[in-house]
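**Student:** Need coordinates for the below:
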Amino acid sequence: MNHKFALVVGILTLLLFCLPASAQTSPAVFPAGLTFGYIPNGSIVTQTVSVYDIGAVNVTINSVTPSLPEYTIISGTVPTTLTPGQRADYVVQFKPDFAKSFQGHLNFTFAAQPSQSINLDGHGTNSAAVPTLNATSLSFPNQPLGTTSAVQTLKITNSGTTAVSLNNVIVTYPFIQTGWTKAVSIGAGKSLSLSITYVPTLLATQTGTISLTYNIAPPQGVSLTGSGIAATAMGITTFPTLPAATKGYAYQANLNATGGTAPYFWMLSAGSALPTGLSLSTTGIVSGTVDSSVAIGNYSFTVESRDSGSSRTTLSSTLTLPVGSTSGSKNCNTISYNAGDGSGPLVPITDLGTSLYLGAESGGLYANGSNTDDPTHRAFGQNAAAGIGPLDANGNPDPNGKYVFLSIGLSLTQQPFTEFLLIAETDPSKNSHLVMVNGATGGATASLLAGVNNNFWNAIVYDYLPNAGVTTKQVVAAWVLDVNGGPTGTFPADMSKLQTNLQSIAQNLLVKFPNIKLAYYSSPNYTGYSNGRVNLDPEPYAYETGMAVKNAIQDQISGDASMNYDPAKGKVKAPWIAWGPNYWANGMIPRSDGLVWTCQDSDTDGTHPSNPVGRIKVATQLLNFLKTDDTASTWFLAH
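**Tutor:** From the prediction side, this is the model:
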């Protein structure tokens, strides 16, 4: 799936399924799109789509028609009438007759109901195009903060007999590539080289991925690893590409240095200029309002930083500031959001510590303001992860089997997980037995998924999992991100309701997927850019969702019998649950780890992550979590 098609899928999903349950119409078609992947020209693959009668009256399906001849309905009856609660399945066959992309629609007509359509995406490949990589992984060890690594070269050689086009390259933060800017043809026997560098942003091991997409060959990837260590001298630690600005709107970016003697004095180098409307303070803050006359594009400028030591070390760095535009209903002036008690900007719960939010809830992902799990709880998760192995379709251990990581939630989950799949599926470090399935669906709010018999669960069981060639008994882990949409009430009562829903979802996971062991919960991204424009989970509700997640996990840690995960303590009612990636940041105010959320990271509604930039940001957070967390890397990575 390319990004243009992914955008179409996202828009369709938003239009069809981002409404409250009361506003959804019957019939409902799941999934909102079918992705057939990259297959050799002339071969065949099938997927299933279902029509559900989620209303109170009968629904008659008159026709199901593909828009392209490469797609054929090979199973399913029309016309057919569904009674409330029934579904009809249609098997769609994809058979590419050329080495190219086939993006079409499957159109449904109904008696006395508006027609609907879903997107179809498939790619035919040519076996004569054979891109070959000189490496499947690149490592950048022991790189001091404030420095950039030496260049490593990724060489792509066309070992086939026909030209292949490299259409897209994604390199995840904090790695950088040069050598590719737009689609380029690589002739038979020819090569293209990309230069890869690493800019450490943390004193930690950092992972990443290069994802390569071609026109007539399957995607490929390279796994990246870097290790940031303490600075050995003064250095500018600001990532070379600054957070994106939006023309006509407020902006803020913080420049940082390390080593030497603080404080640091900042200035623009002679001859450098910021986009009109922005200025650089001596303390290293780029701020202002980007003038509406500024053209969309990338603006490079050079800054200098001088420390306060006796030697007065001065360094310079060339930075790039992307400037974009806005459309839709988002509010790009809301670059941060203040707490309702007048205490100032909302503090991410990972930075809040033991301080209280609205006098009611302390910070931290876990109890007592800590971001560290309870040791006993964590040990159980580690042991559960170590026990994960391939299963057959009936859930029995099988060295040739598979195991499934499943996403659960609504469009805030579905859309970035689609991007995650595009990146993670090409990462060669992923375990070959692992199958990743997007089980999220727009409109599947927490209150709906709290019901074990809701049709959104049926879509996972009867459509999403079978389309991936796996069963409910092979699901071993899940990523859960869900909310109830809209301003849901008054804190903390509304979050107590959400917490209850999230705990019911955990219980339902065990009912639907009897071999599930682990579930990782996240809260949404910053949604302040929707405030005053769109009533889709605006701030502070997105922020407060983190409190509901925290308390749901803490109930399990504290021994709530309805959330018991340990058979030694009684009947197991839920899988082991813990925090997954937490990527809420207060707009353009940097979190302690430097994370920000810009207006360009948000879609036109100011709520959903934008396509592709915001979705890539979430996907990168999720991928890094799975590759580094001590309860996830065990089964996610190849060993």
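**Student:** any idea how far residue 260 lies from residue 315?
**Tutor:** The gap separating residue 260 from residue 315 is 9 Å, by CB to CB, to the nearest Å. No exception for glycine: its C-beta is placed from N, CA and C like everyone else's.
**Student:** Which one's more surrounded, those two?
**Tutor:** The neighbour comparison of residue 260 against residue 315 (other CB atoms under 10 Å) goes to residue 260, with 21 against 18.
**Student:** what's residue 225 in contact with, if anything?
**Tutor:** 137-140, 205-208 (CB atoms under 8 Å, 6 or more residues apart in numbering).
**Student:** Between the residues you listed, identify the one with the most neighbours.
**Tutor:** residue 208 (26 neighbours).
**Student:** Give me the number of neighbouring residues for the residue nearest to residue 316 when sequence neighbours are not counted.
**Tutor:** The shortest distance from residue 316 to any non-neighbouring residue, by CB to CB, 6 or more residues apart in numbering, is to residue 304 (4.8 Å). The local packing of residue 304 (other CB under 10 Å) involves 18 other residues.
**Student:** ditto for residue 415
**Tutor:** 27.
**Student:** now it, what's its secondary structure?
**Tutor:** helix (DSSP: H, G, I helix; E, B strand; the rest coil).
**Student:** isn't the residue nearest to residue 316 right up against residue 313?
**Tutor:** No: taking contacts as CB atoms under 8 Å, residue 304 lies outside contact range of residue 313: 10.7 Å.
**Student:** Model confidence score at the closest residue to residue 338 other than its chain neighbours, please.
**Tutor:** Spatially, and ignoring its direct neighbours in sequence, residue 338 is nearest to residue 345 (5.6 Å; CB to CB, 6+ apart). pLDDT for residue 345: 98.
**Student:** which of the contacts of residue 225 lies closest to residue 102?
**Tutor:** Taking CB to CB as the measure, residue 102 lies nearest residue 208 of these, at 31.2 Å.
**Student:** Pass me the low-pLDDT residue ranges in the protein, would you?
**Tutor:** Applying pLDDT under 70 to the chain picks out residues 1-25.
**Student:** Could you list the domains of it?
**Tutor:** Per automatic domain parsing, the structural domains of the chain span 3-123, 131-229, 235-324, 375-579+596-636.
**Student:** hmm, back to that, so what sits opposite the residue nearest to residue 316 in the bridge?
**Tutor:** Under the criterion DSSP bridges, residue 304 forms beta bridges with residue 267, residue 316.
**Student:** Next up, phi/psi of residue 614, please.
**Tutor:** Backbone torsions for residue 614, taken as degrees, to the nearest 10, come to phi -70, psi -40.
**Student:** need the contact list for the nearest residue to it once chain neighbours are set aside.
**Tutor:** Using CB to CB, 6+ apart and skipping residues adjacent in sequence, the residue nearest residue 614 is residue 601, 3.9 Å away. Residues counted as contacts of residue 601 (CB under 8 Å, 6+ apart) are 244, 525, 609-610, 613-614, 617.
**Student:** What of residue 136?
**Tutor:** 221-223, 428 are the contacts of residue 136 under CB under 8 Å, 6+ apart.
**Student:** re earlier: just the contacts of residue 601 now: which is nearest residue 28?
**Tutor:** Once CB to CB is applied, the member of the contacts of residue 601 that ends up nearest residue 28 is residue 609, at 24.0 Å.
**Student:** and that closest one, how far is that from residue 326?
**Tutor:** Where residue 326 is concerned, residue 609 sits at a distance of 15 Å (CB to CB).
**Student:** So between these two, which is more surrounded?
**Tutor:** residue 609 (25 against 19).
**Student:** mind checking the SS state of the residue nearest to the more buried one when sequence neighbours are not counted?
**Tutor:** In space, and not counting its chain neighbours, residue 609 is closest to residue 615: 4.7 Å by CB to CB, 6+ apart. Three-state assignment for residue 615 (three-state DSSP): helix.
**Student:** ok, residue 615 - contacts?
**Tutor:** 6, 415-416, 418-420, 609.
**Student:** Mind checking which of the residues you listed are in helices?
**Tutor:** Of those, the ones assigned to helices by DSSP state H are 6, 415-416, 418-420.
**Student:** which ones are touching residue 73?
**Tutor:** With contact set as CB under 8 Å, 6+ apart, residue 73 has these partners: 64-66, 90-93.
**Student:** Now do the lengthiest helix in the chain: distance to the chain's middle.
**Tutor:** Determined from DSSP H, the single longest helix within the chain is helix 493-512. Computed by CA atoms, centre = their mean, to the nearest Å, the chain-centroid distance of helix 493-512 equals 22 Å.
**Student:** Give the buried residues for that helix.
**Tutor:** Residues 494-495, 497-510, 512 are the ones in helix 493-512 that count as buried (16 or more other CB atoms under 10 Å).
**Student:** any idea how far residue 604 is from the residue nearest to residue 338?
**Tutor:** Taking CB to CB, one finds residue 345 at 25 Å from residue 604.
**Student:** Pull up the pairing partners for the strand ranked longest in the chain, direction included.
**Tutor:** In the chain, assigned by DSSP state E, the strand with the most residues is strand 113-125. Partner strands for strand 113-125, per DSSP bridges, with pairing direction: strand 33-40 (parallel), strand 101-110 (antiparallel).
**Student:** in its sheet, what does the helix or strand following that strand sit against?
**Tutor:** Following strand 113-125 in sequence order, the next helix or strand is strand 131-133 (DSSP states H and E). Strand 131-133 has the following sheet partners, assigned by DSSP bridges: strand 152-158 (antiparallel).
**Student:** and the gap between residue 471 and residue 437?
**Tutor:** On the measure of CB to CB, residue 471 and residue 437 end up 11 Å apart.
**Student:** between these two, what contacts are shared?
**Tutor:** residue 465.
**Student:** okay, the two: which has more neighbours?
**Tutor:** Taking neighbours as other CB under 10 Å, residue 471 and residue 437 compare with residue 437 leading, 22 against 19.
**Student:** Wait, a helix at that one?
**Tutor:** No: per three-state DSSP, residue 437 lies outside any helix segment and is strand.
**Student:** tell me the contacts of it?
**Tutor:** 404-407, 460, 464-465, 468, 470.
**Student:** Measure how far whichever strand or helix holds residue 456 is from the centre of its chain, please.
**Tutor:** Using DSSP H and E, residue 456 sits within helix 455-459. Relative to the centre of its chain, helix 455-459 is centred 22 Å away, using CA atoms, centre = their mean.
**Student:** Now the element after it, going C-ward?
**Tutor:** Where DSSP H and E defines the elements, the next helix or strand beyond helix 455-459 is helix 465-467.
**Student:** Just the residues contacting that following helix, thanks.
**Tutor:** So helix 465-467 is contacted by 31, 34, 47-48, 404, 406, 437, 439, 471-472, 475 (CB under 8 Å, 6+ apart).
**Student:** rerun at 6 Å
**Tutor:** Contacts with helix 465-467, where a contact means CB atoms under 6 Å, 6 or more residues apart in numbering, come from 47-48, 437.
**Student:** and if you look at stretch 186-193?
**Tutor:** 153, 155-158, 160-164, 179.
**Student:** can you rerun that using 10 Å?
**Tutor:** The contact list for stretch 186-193 (CB atoms under 10 Å, 6 or more residues apart in numbering) reads 128-132, 134, 153-166, 178-180, 184-185, 214, 217.
**Student:** residue contacts, residue 619?
**Tutor:** 170, 172, 209, 211, 416-424, 581, 609, 612.
**Student:** could you redo the last one with a cut-off of 7 Å?
**Tutor:** For residue 619, the contacting residues are 416, 419-420, 423, by CB atoms under 7 Å, 6 or more residues apart in numbering.
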